[in-house]
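K.L.:
the sequence and its predicted three-dimensional model are supplied below.
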Amino acid sequence: MPGQAEIFKQVASAINSASSIAVCAHVDPDGDAIGSTLGLMHLLRSCGKNATPLLASGSHPPLTYAALPGAEELRPSAGAGGFDLFVALDSPDPARLGDARELALATPTLVVIDHHPDNKRYGAINLVDPDSAATGEMIWELAPYLGCTPDASVSACLFTALMTDTGRFSYSNTTPAVFRHAAEMVEAGANVSDLFRQVFESRTPGALALVALTMSRLTFANSGRVAYSWIDADDFANTGALPEETETLIDEIRVIIGVDAVALLKASHDSVRVSLRAKTGFDVGLVARTLGGGGHAAAAGFTRGGTIESVLGELLPHLPSAS
Ligand code: 5GP
Ligand code: MN
């Protein structure tokens with residue numbers, strides 16, 4: 001098996017020999033997905049490459065990330081084509097590429113860059129590092145292999161990826177390397193307070209109303225070792241919150257003392273999307289995989305057919321309980 005440096009070189013070589021490159025992350029993009037996509041786009045362009053940023057779902061970036069440099073260039077993957085290289089980011093399996101799945105698999109060369117431990121290595125080249133805090137951090141490490149110096153736009157996007165996937169530099173993935181890379185990004189032009197304000201202090205009144213509703217439904221289960229809440233489609237109409245404004249909703253619940261795991265269930269007409277977070281070392285990634293999803297030990301998710309009640313019935317027995 002080639003060492004990690006060798007794989008970085010292979011990725012750089014694939015990029016250098018490509019003439020038209022698609023860059024795309026997972027459905028329902030979060031800060032690492034959008035930050036990695038735009039960060040790599042800017043990096044490739046600074047090396048003189050033709051790079052197109054695609055969305056795996058939806059037609060526009062989430063409002064939270066709309067102010068990132070280049071966000072206006074993100075376009076739906078439907079109808080896009082003519083690429084000789086597709087770079088899949090932060091997506092452990094092709095299904096996570098949503099609308100872009102077919103395009104990714106049909107493009108002559110597929111490169112996968114990801115930090116999920118359950119990555120299926122579905123590319124021709126797979127740069128996978130579960131020790132990386134964010135896919136954006138891996139792109140930062142790729143820059144020297146491409147021989148280009150990241151500018152302020154690259155730095156702003158990749159700092160956003162790192163800031164969000166580490167929970168503002170607080171989760172257990174916040175290694176010394178994360179701080180070193182973050183410092184390099186700031187030196188290269190990432191503006192910490194601007195990015196922090198854009199990402200964490202730019203919520204709509206509707207989003208706050210949705211937080212209030214979510215908190216009002218907080219429920220304890222499994223003898224108090226699990227806390228969960230839920231939202232459904234009507235809640236968006238009733239509060240005015242946008243569907244994309246739920247990324248940090250689970251963070252409101254995870255602050256609660258004394259639980260091992262928290263869950264947020266989001267119901268749509270016939271399925272429920274579940275976000276899981278572990279607080280005390282329990283592996284929610286394993287639970288998510290058992291129920292058809294995936295993720296990290298401390299943060300994972302899955303989507304399941306059914307109602308809030310039926311999905312809770314399947315989920316809770318897999319989470320910690322007193323007995
Ligand atoms: P979130 O709860 O923020 O949507 O997701 C938490 C983590 O779990 C992220 O790393 C995300 O990539 C992963 N994840 C969420 N849903 C799924 C899923 O359906 N499949 C897989 N493989 N990973 C997921
Ligand atoms: Mn990530």
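P.N.:
Alright, I've got the coordinates. Since we're looking at a predicted model, the values are computed, not measured. Ligands and ions are numbered 1, 2, ... in the order given.
K.L.:
burial of whichever residue of the stretch 1-150 of the chain sits closest to ligand 2, as a residue count?
P.N.:
For the stretch 1-150 of the chain and ligand 2, the shortest gap (C-beta to the ion) falls at D32, measuring 3.4 Å. Every residue, glycine included, has its C-beta placed from N, CA and C. For D32, the neighbour count with other C-beta atoms under 10 Å is 28.
K.L.:
same deal with S223?
P.N.:
The number of residues packed near S223 is 10, by other C-beta under 10 Å.
K.L.:
how far away is the residue lying closest to it once chain neighbours are set aside from R277?
P.N.:
Nearest non-adjacent residue to S223, counting by C-beta to C-beta, 6 or more residues apart in numbering: A322, 3.5 Å away. Here A322 is placed at a distance of 20 Å from R277 (C-beta to C-beta, to the nearest Å).
K.L.:
repeat for L89
P.N.:
Taking C-beta to C-beta, one finds L89 at 22 Å from R277.
K.L.:
who has more neighbours, these two?
P.N.:
Higher neighbour count among L89 and R277: L89, with 30 against 24, using other C-beta under 10 Å.
K.L.:
how about the more buried one, what does it touch?
P.N.:
Shown in contact with L89 (C-beta atoms under 8 Å, 6 or more residues apart in numbering): V23, C24, A25, H26, A33, S36, T37, L40, I113, D114, T135, I139.
K.L.:
and for the residue nearest to S223, the neighbour number?
P.N.:
Counted with other C-beta under 10 Å, residues neighbouring A322 total 7.
K.L.:
was I right about it contacting R225?
P.N.:
Yes: using C-beta atoms under 8 Å, A322 is in contact with R225, at 6.3 Å.
K.L.:
what's the most distant pair in the contacts of L89?
P.N.:
The distance between the two most remote of these (C-beta to C-beta) is 15.0 Å, for H26 and I139.
K.L.:
neighbour count: those two, which is higher?
P.N.:
I139 (30 against 27).
K.L.:
now find how far off-centre stretch 156-176 is within its chain.
P.N.:
The chain centroid and the centroid of stretch 156-176 are separated by 12 Å under C-alpha atoms, centre = their mean, to the nearest Å.
K.L.:
buried residues in that stretch?
P.N.:
156-167, 173-174 (16 or more other C-beta atoms under 10 Å).
K.L.:
care to break the chain down by domain?
P.N.:
Taking automatic domain parsing as the domain assignment, the ranges for the chain are 4-200, 205-318.
K.L.:
could you check the pLDDT of whichever residue of the stretch 201-323 of the chain sits closest to ligand 2?
P.N.:
Per C-beta to the ion, H296 is where the stretch 201-323 of the chain lies closest to ligand 2, at 8.3 Å. With respect to pLDDT, H296 scores 90.
K.L.:
quick one, grab the pLDDT at the nearest residue to it once chain neighbours are set aside.
P.N.:
With sequence-adjacent residues excluded and distances taken as C-beta to C-beta, 6+ apart, H296 is closest to G285, at 5.3 Å. With respect to pLDDT, G285 scores 96.
K.L.:
wait, isn't G285 in contact with A300?
P.N.:
Yes: taking C-beta under 8 Å as the definition, G285 is a contact partner of A300 at 4.4 Å.
K.L.:
for the closest residue to ligand 1 within the stretch 51-200 of the chain, give me its contacts.
P.N.:
Of all residues in the stretch 51-200 of the chain, P92 sits closest to ligand 1, at 4.8 Å by C-beta to the nearest ligand atom. P92 makes contact with D114, H116, D118, N119, K120, G294, according to C-beta under 8 Å, 6+ apart.
K.L.:
for M41, helix, strand, or coil?
P.N.:
helix (DSSP: H, G, I helix; E, B strand; the rest coil).
K.L.:
and it, how far from A22?
P.N.:
In terms of C-beta to C-beta, M41 sits 10 Å off from A22.
K.L.:
name the residues contacting each of these two.
P.N.:
Joint contacts of M41 and A22 (C-beta under 8 Å, 6+ apart) are A51, T52.
K.L.:
buried set for the helix or strand containing R180?
P.N.:
Applying DSSP states H and E as the criterion places R180 in helix 176-187. By neighbour count on 16+ other C-beta under 10 Å, the buried set for helix 176-187 is V178, H181, A182, E184, M185.
K.L.:
ok, now stretch 115-132?
P.N.:
For stretch 115-132, the buried set under the neighbour-count rule, 16+ other C-beta under 10 Å, comprises 115-116, 118-120, 122-123, 125-129, 132.
K.L.:
got JSON lines for these, with distance to K266, secondary structure and pLDDT too?
P.N.:
JSON lines is the format used below for those (distance: C-beta to C-beta, whole Å; DSSP: H, G, I helix; E, B strand; the rest coil; pLDDT from 0 to 100):
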{"residue": "H115", "distance to K266": "24", "secondary structure": "coil", "pLDDT": "98"}
{"residue": "H116", "distance to K266": "21", "secondary structure": "coil", "pLDDT": "96"}
{"residue": "D118", "distance to K266": "22", "secondary structure": "coil", "pLDDT": "93"}
{"residue": "N119", "distance to K266": "25", "secondary structure": "coil", "pLDDT": "97"}
{"residue": "K120", "distance to K266": "25", "secondary structure": "coil", "pLDDT": "97"}
{"residue": "Y122", "distance to K266": "27", "secondary structure": "coil", "pLDDT": "98"}
{"residue": "G123", "distance to K266": "30", "secondary structure": "coil", "pLDDT": "98"}
{"residue": "I125", "distance to K266": "34", "secondary structure": "strand", "pLDDT": "98"}
{"residue": "N126", "distance to K266": "30", "secondary structure": "strand", "pLDDT": "98"}
{"residue": "L127", "distance to K266": "31", "secondary structure": "strand", "pLDDT": "98"}
{"residue": "V128", "distance to K266": "28", "secondary structure": "strand", "pLDDT": "98"}
{"residue": "D129", "distance to K266": "29", "secondary structure": "coil", "pLDDT": "98"}
{"residue": "S132", "distance to K266": "27", "secondary structure": "coil", "pLDDT": "98"}
